[in-house]
Each structure stands twice: as structure tokens, then as C-alpha cells.
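# can't give you the sequence, but here's the structure:
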């Protein structure tokens with residue numbers, strides 16, 4: 001039986017498709033919606049919200065104009081480097097594994113976002129909120145820098161693509177076509193810069209907010225192997241890990257630091273645990289601490305699956321804020337990297353096309369962008385297959 005979040009998402013998609021069907025079958029309704037700035041396509045709804053605020057003092061500042069161009073180009077170069085720094089080695093490993101070693105299995109740095117498959121429903125909600133903020137700020141920066149270049153911005157709007165929120169600005173096409181490459185570069189890189197700024201803000205605030213969240217190393221399950229040391233010792237799961245041989249364990253990093261040196265040794269471990277319940281992603285102790293004697297042979301693992309979980313009495317505000325900031329950082333660095341990549345529809349793709357226009361044969365642009373598109377699709381497919389195996 002489908003869980004409620006899946007039913008809601010399927011309901012939203014069905015409603016979008018039904019709405020498109022109604023609009024497509026009634027030209028008069030389509031015309032009225034178009035006059036009001038509403039565009040309806042299959043699983044896509046766009047709504048013009050009017051003109052973008054000018055922020056006159058900012059957009060009329062020469063320092064802002066020069067700074068936006070310089071910062072945008074530097075950031076674009078860094079993001080483009082980081083994108084290919086991930087893509088090219090991954091492609092090399094894939095080609096080597098298939099044609100050299102004959103092993104078809106390879107790793108990918110990319111994993112597509114598929115609710116309920118590659119990302120949990122609860123995390124997906126935070127992702128949507130972070131995406132809304134990231135996309136809105138991305139488009140706002142495009143508009144402000146366009147004004148700084150003296151362009152007209154005809155409208156801005158919001159919408160939805162499947163269940164993903166989106167925003168857009170519509171600069172004057174005439175102004176864009178007449179503008180020199182430097183002005184186009186400033187506007188096109190502004191959105192990428194906006195996402196990088198949000199990423200840096202999120203990363204700066206996350207440790208501060210996360211420090212207010214109490215967590216515990218939680219044993220969520222044991223491996224399915226009756227000979228595993230943890231299974232033989234009867235370790236309870238779920239449970240909260242407190243200490244090993246008197247050494248307090250407060251994080252997964254501390255656990256790894258303790259276990260790594262003893263991996264090749266025969267050791268006897270006195271592991272103190274507290275039985276627990278996991279309620280809504282929070283862990284709650286349900287009894288007093290108990291000691292368990294675990295005999296670990298040389299070269300073997302204990303046999304526990306652990307994660308860092310917030311305690312049940314954690315402040316909800318701090319917990320929600322830390323999760324949101326985490327996803328705000330992840331979403332915006334992803335948006336920055338993807339938009340910097342030359343992918344035809346991305347800002348980076350448009351900038352590469354503009355930079356090459358009249359300076360190189362058209363096939364050079366298609367080779368760069370088409371090759372990047374194919375590589376990205378391949379890596380996303382491999383990332384998905386690695387995730388679901």
C-alpha cells in the first residue's frame with residue numbers, strides 16, 4: 001500500500017496533467033490564461049508575477065556592475081573546474097573498467113533525485129524548500145545584474161516542473177541580442193554566483209546551528225550474519241552507543257577513530273549501550289545502560305550499522321533549522337555546478353555558446369555541450385544504478 005506522501009505526489013502530478021488537458025481542450029480558456037501571464041504545458045505551469053523590483057541604488061552602482069562581472073566570472077571558472085574535476089576522472093574510470101579490466105561496474109559522482117528511491121520523503125521536503133530559495137535568489141540576481149547592464153526586464157514569475165518549484169526572469173530579448181559579450185557574461189554568471197553565495201552562507205551557519213542539536217551514535221541494525229561478533233554478543237538494535245572499553249563515543253568520527261587501529265587485531269570489547277526507540281527520525285533511550293562483551297577476531301568488523309541521530313528531546317527549531325541549512329548548502333552547490341556546466345539550457349551553456357559565436361565553427365560548441373550532456377546523462381544513470389543495487 002502506498003504511503004501518504006507518495007499518494008500526495010501522484011495526486012499533484014495527476015492534477016497537473018488533468019489541468020493541462022482541460023486547458024488544451026478549451027482554446028478560450030488557454031487564451032484567457034495567457035493574457036493573465038499563465039502558461040500551461042504537460043507537468044509545467046508558469047505564472048508571470050509582473051516586473052522585478054529594480055533595487056535602483058544597487059543596480060545603478062558602477063562598483064556593483066564591475067564587481068558582479070568579476071565575481072561572476074571567477075566563480076564560473078571555479079565551478080566549471082569543479083564540475084569537470086568530478087566528471088572527467090569518473091568517465092576515465094568507467095572507460096577503464098569496461099574496456100581495460102572488463103569489469104562493467106563503475107562509480108559515479110552524481111545521483112539523481114527520485115523521491116522515495118534516492119532520497120527519503122522527509123528529506124525531500126527540505127530539498128524542495130531549499131530549492132525554492134535557491135532558484136528564487138538565482139533568478140533575482142539575474143534580474144538585478146540585467147538592470148545594472150541597462151537591460152529591460154519584462155517580467156518575472158514562478159511555477160512548477162513536475163513537483164519541483166521554479167522561478168524565472170524574462171529579460172528583453174532585444175537588449176540581450178544587442179549586448180556585448182561582457183554584459184551577457186555578467187548576467188549569465190550572476191545566477192551561478194547567487195547559488196554559490198547561498199552555499200557559503202549555509203555552510204557558515206550550519207555548524208553554529210548544528211551545535212544546538214544533541215545527537216547520539218545509534219546502532220540501527222546488526223548485519224545479517226550469525227557469526228558476526230555483534231550478533232554473537234546479542235547487541236540490541238536499535239540502541240544508543242555510549243562507550244567502548246571506557247572510551248566515550250560521541251560521534252561516528254570518534255567511533256571510526258577508535259575502531260580503525262584495532263581492525264587487524266584480536267580484541268575483546270566492553271561496549272556500553274542503551275536500548276532505544278526511533279521515533280520520527282529521533283532516537284529515545286528506553287532503559288538503563290548495559291555492558292556487552294564483544295570478541296572481535298583479527299580482520300573482522302563488529303557487525304553493526306550505525307548512524308548519527310538527534311535525541312528525542314532536541315529543540316525542534318534547532319533540528320529543523322540544521323536540516324534546512326544542510327539541504328540549502330547541498331542544493332545550492334549542486335545548482336551552481338550544474339548551471340556552470342555547458343549543457344545547452346544552462347547558464348554555462350549559453351555563455352559558452354556566446355563566447356564561441358563567430359570565433360569558432362558551430363560544431364565546436366555542439367561538441368563541447370553535446371559531449372557534456374551525454375557524459376552527465378551517463379553518470380546520472382550509473383549513479384542511480386549504483387544507488388539501487
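Thanks, I have the structure now. In this text the structure is predicted, and so the values were computed from the model without any measurement.

# tell me the centre residue of this structure?
residue 331 (3.5 Å; CA atoms, centre = their mean).

# what's the residue nearest to residue 245 when sequence neighbours are not counted in contact with, if anything?
Of all residues not flanking residue 245 in the chain, residue 270 sits nearest, at 5.2 Å (CB to CB, 6 or more residues apart in numbering). Glycine gets a C-beta too; all of them are placed from N, C-alpha and C. Residues in contact with residue 270 (CB atoms under 8 Å, 6 or more residues apart in numbering) are 244-246, 291-294.

# could you give the average pLDDT over stretch 189-198?
What stretch 189-198 shows for mean pLDDT is 96.

# identify the residues contacting it?
With CB under 8 Å, 6+ apart, stretch 189-198 has contacts from 68-69, 71-73, 75-76, 79, 133-134, 137-142, 144-146, 328-329, 332-333, 335-336, 339-340, 347-348, 351.

# which element is the residue lying closest to residue 191 once chain neighbours are set aside on?
Spatially, and ignoring its direct neighbours in sequence, residue 191 is nearest to residue 138 (4.0 Å; CB to CB, 6+ apart). Under DSSP states H and E, the secondary-structure element containing residue 138 is helix 121-148.

# check which element follows that helix along the chain.
strand 153-161.

# against residue 41, how distant is residue 137?
Shown here: residue 137 relative to residue 41, a distance of 25 Å by CB to CB, to the nearest Å.

# no no, residue 349
Distance, residue 349 to residue 41, by CB to CB: 21 Å.

# who has more neighbours out of those two?
Set residue 349 next to residue 41 and count neighbours by other CB atoms under 10 Å: residue 349 wins out with 21 against 13.

# test my guess that that one contacts residue 369.
Yes. Contact criterion CB atoms under 8 Å: residue 349 and residue 369 qualify, at 5.4 Å.

# joint contacts of the two?
Counting by CB under 8 Å, 6+ apart, the contacts common to residue 349 and residue 369 are 342-343.

# tell me if residue 287 really is in a helix.
No. Secondary structure assignment (DSSP: H, G, I helix; E, B strand; the rest coil) places residue 287 in coil, not in a helix.

# SS state for the spatially closest residue to it that is not a sequence neighbour?
Nearest non-adjacent residue to residue 287, counting by CB to CB, 6+ apart: residue 275, 4.5 Å away. Classification of residue 275 using three-state DSSP returns strand.

# thought residue 275 was touching residue 239?
Yes. Between residue 275 and residue 239 there is a contact at 5.3 Å, judged by CB under 8 Å.

# higher neighbour count, the two?
residue 239 (28 against 16).

# distance of residue 199 from residue 303?
For residue 199, the distance to residue 303 equals 38 Å [CB to CB].

# also residue 60?
Taken as CB to CB, the span from residue 60 to residue 303 is 65 Å.

# ok, these two, which is more surrounded?
Counted by other CB under 10 Å, residue 60 and residue 303 do not tie: residue 303 has more neighbours, with 21 against 13.

# quick one, what contacts the more buried one?
Contacts of residue 303 by CB under 8 Å, 6+ apart are 222-223, 225, 228-231.

# name the nearest residue to it, sequence neighbours excluded.
residue 228 is the one closest to residue 303 (CB to CB, 6+ apart), at 2.9 Å.

# can you pull the pLDDT of the one you found?
Taking residue 228 on its own, its pLDDT is 91.

# tell me the angle of the helix holding residue 138 relative to strand 153-161?
Orientation check (axes from the mean of the first three to the mean of the last three CA atoms, to 10 degrees): helix 121-148 against strand 153-161 gives 170 degrees.

# buried stuff in helix 121-148?
Buried residues in helix 121-148, counting neighbours by 16 or more other CB atoms under 10 Å, are found at 123-124, 126-148.

# circling back to that earlier point, which among the contacts of residue 270 count as buried?
Buried among the contacts of residue 270 by 16+ other CB under 10 Å: 244, 294.

# out of the contacts of residue 270, which sit inside strands?
244, 291-294 (DSSP state E).

# mind putting the residues you listed in a markdown table, pLDDT included?
Formatted as a markdown table, the ones in strands among the contacts of residue 270 follow (pLDDT from 0 to 100):
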| residue | pLDDT |
| --- | --- |
| 244 | 94 |
| 291 | 94 |
| 292 | 94 |
| 293 | 94 |
| 294 | 93 |
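
# can I assume residue 240 sits in a strand?
Yes. The assignment for residue 240 (three-state DSSP) places it in a strand.

# what's opposite it in the beta bridge?
For residue 240, the beta-bridge partners are residue 218, residue 274 (DSSP bridges).

# that one against residue 215, yeah?
No. Using CB under 8 Å, residue 240 is not in contact with residue 215, being 10.0 Å away.
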